[in-house]
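K.L.:
pasting the structure only:
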């Protein structure tokens with residue numbers, strides 16, 4: 001696993017926990033605890049910053065990211081998706097629309113996270129929805 005892959009994995013764990021606790025607006029103390037978690041798990045300054053940036057970026061744009069995912073899903077409301085799949089898709093949407101990470105890398109990383117942490121059906125589900133998001137990113141369409 002590459003270092004950045006490990007950073008995404010740890011960011012996934014943090015965002016998953018926030019999602020399960022329905023805490024989409026953590027306060028300063030909670031963000032500090034997330035940073036300490038990242039520092040303890042990653043122990044490499046740039047990777048800690050990378051994981052922190054993913055978490056902060058997803059949280060700052062959560063409404064528009066969720067709207068983009070839901071608009072491209074067929075017959076699936078975000079609330080009905082598995083929490084792991086939802087979190088993987090949030091990270092991928094953030095990276096597609098708000099970073100310079102190449103779309104093929106975003107897709108590969110998201111599918112691998114879904115494979116590692118989701119159900120047997122997760123990689124296929126994430127790949128299908130992610131294909132629509134990648135097409136939007138390639139066309140220059142931003143989140144709805």
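P.N.:
It's in. Note that this is a predicted model, so its numbers are computed, not measured.
K.L.:
please give the element, helix or strand, for residue 104.
P.N.:
If you go by DSSP states H and E, residue 104 is part of helix 103-117.
K.L.:
next: residue 59.
P.N.:
helix 45-60.
K.L.:
and that helix, how far out from the chain's middle?
P.N.:
In terms of CA atoms, centre = their mean, to the nearest Å, the centre of helix 45-60 is set 11 Å apart from its chain centre.
K.L.:
before we move on, the earlier item: can you spell out which helices and strands pack onto the helix holding residue 104?
P.N.:
When contacts are defined as 3 or more CB pairs under 8 Å, 6 or more residues apart in numbering; DSSP states H and E, helix 103-117 sits against helix 3-20, helix 83-98, helix 122-138. Bear in mind the C-beta positions are built from the backbone N, C-alpha and C, glycine included.
K.L.:
most tightly packed of those helices?
P.N.:
Stretch with highest mean neighbour count among the helices and strands packed on helix 103-117: helix 83-98 (a mean of 24; mean count of other CB atoms under 10 Å).
K.L.:
contacts for it next, please.
P.N.:
Helix 83-98 is contacted by residues 8, 11-12, 15-16, 19-20, 54, 57-58, 61-62, 65-66, 68-69, 78, 81, 101, 103, 106-107, 109-110, 113-114, 117-119, 122, 125-126, 129-130, 133-134, 136-137, 142-143 when judged by CB atoms under 8 Å, 6 or more residues apart in numbering.
K.L.:
any idea which residue sits dead centre in the protein?
P.N.:
The centroid of the chain falls nearest to residue 91 when counting by CA atoms, centre = their mean (1.6 Å).
K.L.:
give me the pLDDT for the residue of the chain most remote from its centre.
P.N.:
In the chain, counting by CA atoms, centre = their mean, residue 29 sits farthest out from the average C-alpha position, at 21.9 Å. In this model, residue 29 is scored at 89, pLDDT.
K.L.:
just send the helices and strands packed on helix 103-117 back as TSV, with mean pLDDT and distance to residue 43 too.
P.N.:
As requested, those are exported to TSV (pLDDT from 0 to 100; distance: least, CB to CB, whole Å):
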stretch	mean pLDDT	distance to residue 43
helix 3-20	94	10
helix 83-98	96	21
helix 122-138	90	28
